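Asks: can't give you the sequence, but here's the structure:
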């Protein structure tokens, strides 16, 4: 059991060497297809059939680390609150603009009544 975990913790360089040994080396004409297949279906590259992005890897790292998860959750809450405040502010700005237009129209109507 311990040996399996140690084997899984190979360095990136060791993993690349092992990949080339298994695939016939970097000059193998099929290497690009093999690498693409590995990136799509390798257990260390996210969900099967979907190529993992840098953001996916970052989010997985953040969510697997309890202290980072807490920071990420706090950040996301803050972002949500900020977006909520911004949307409310935009609504209020729109309402103020409409009120200004209404006041302008009322002023105009009042001036016309006073002239007449």
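Replies: Noted; the coordinates are in hand. What you are looking at is a predicted structure, and each value in this text was computed from that prediction instead of being measured. Numbering: from 1, shown residues only.
Asks: mind checking the longest helix of the chain?
Replies: Assignment by DSSP state H gives helix 66-115 as the longest helix of the chain.
Asks: and that helix, what other elements does it pack with?
Replies: helix 54-64 (3 or more Cβ pairs under 8 Å, 6 or more residues apart in numbering; DSSP states H and E). Glycine gets a C-beta too; all of them are placed from N, C-alpha and C.
Asks: Please list the outside residues in contact with the helix it packs on.
Replies: 46, 68-69, 71-72 (Cβ atoms under 8 Å, 6 or more residues apart in numbering).
Asks: Identify the farthest-apart pair in those.
Replies: Maximum pairwise distance among these (Cβ to Cβ): 21.8 Å, between 46 and 71.
Asks: More neighbours: which of these two?
Replies: Neighbour totals were compared for residue 46 and residue 71, and residue 46 leads with 18 against 12 (other Cβ atoms under 10 Å).
Asks: and the gap between residue 19 and residue 30?
Replies: Distance of residue 19 to residue 30, computed by Cβ to Cβ, to the nearest Å: 13 Å.
Asks: which residues touch the strand or helix carrying residue 32?
Replies: Using DSSP states H and E, residue 32 sits within helix 31-41. Residues outside helix 31-41 that contact it (Cβ under 8 Å, 6+ apart): 19, 23-25, 28, 45, 48-52.
Asks: Nearest the middle, which residue of the protein would you pick?
Replies: Residue closest to the mean C-alpha point of the chain, counted by Cα atoms, centre = their mean, is residue 55 at 5.9 Å.
Asks: Let me know the angle separating the longest helix of the chain from helix 54-64.
Replies: 110 degrees (axes from the mean of the first three to the mean of the last three Cα atoms, to 10 degrees).
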